[in-house]
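Participant: no FASTA, just this:
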């Protein structure tokens, strides 16, 4: 594989933002949502962590302006509670 070829990263229904730099969170979430929607996921979970809520607000701001997001809410306690967001996506 040459250095110029993109690396395929599998997309699942869980997206953990802990490895994403804060400045890249909005762009990463937008790209993830687009691909999750294209793949037909209807209830992905975005893990943003608890912290002071900065990443959570970036995620939710992105969700509010995404047309195929029908709803979002805190994950249940066993799935991260307020450190993760469950998203309801429209079917493609």
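Facilitator: Right, received. Where do you want to start? Since the structure is predicted, the reported quantities are computational estimates derived from the model, not experimental observations. Numbering: from 1, shown residues only.
Participant: how about the strands in this structure?
Facilitator: Ranges of strands in the chain, per DSSP state E, are 14-16, 45-47, 69-74, 84-89.
Participant: just so I know, which of those lies nearest residue 35?
Facilitator: strand 14-16 (9.6 Å; C-beta to C-beta). In this view, the C-beta of every residue, glycine as well, is placed from N, C-alpha and C.
Participant: what comes up buried for that closest one?
Facilitator: Within strand 14-16, the residues that qualify as buried by neighbour count (16 or more other C-beta atoms under 10 Å) are residue 15.
Participant: that older thread, take the strands of the chain and write them to TSV, including distance to residue 59 and mean pLDDT.
Facilitator: TSV is the format used below for the strands of the chain (distance: least, C-beta to C-beta, whole Å; pLDDT from 0 to 100):
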stretch	distance to residue 59	mean pLDDT
strand 14-16	9	97
strand 45-47	6	98
strand 69-74	8	98
strand 84-89	6	98
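Participant: Roughly how far does residue 24 sit from residue 13?
Facilitator: Applying C-beta to C-beta, to the nearest Å, the value for residue 24 to residue 13 is 21 Å.
Participant: ugh, wrong one, I meant residue 82
Facilitator: Relative to residue 13, residue 82 is positioned 19 Å away (C-beta to C-beta).
Participant: now the strands of the chain as CSV including distance to residue 54?
Facilitator: Listed next are those as CSV, based on distance: least, C-beta to C-beta, whole Å:
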stretch, distance to residue 54
strand 14-16, 16
strand 45-47, 14
strand 69-74, 16
strand 84-89, 14
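Participant: right, and the ones you listed - which one's nearest residue 39?
Facilitator: strand 84-89 (9.9 Å).
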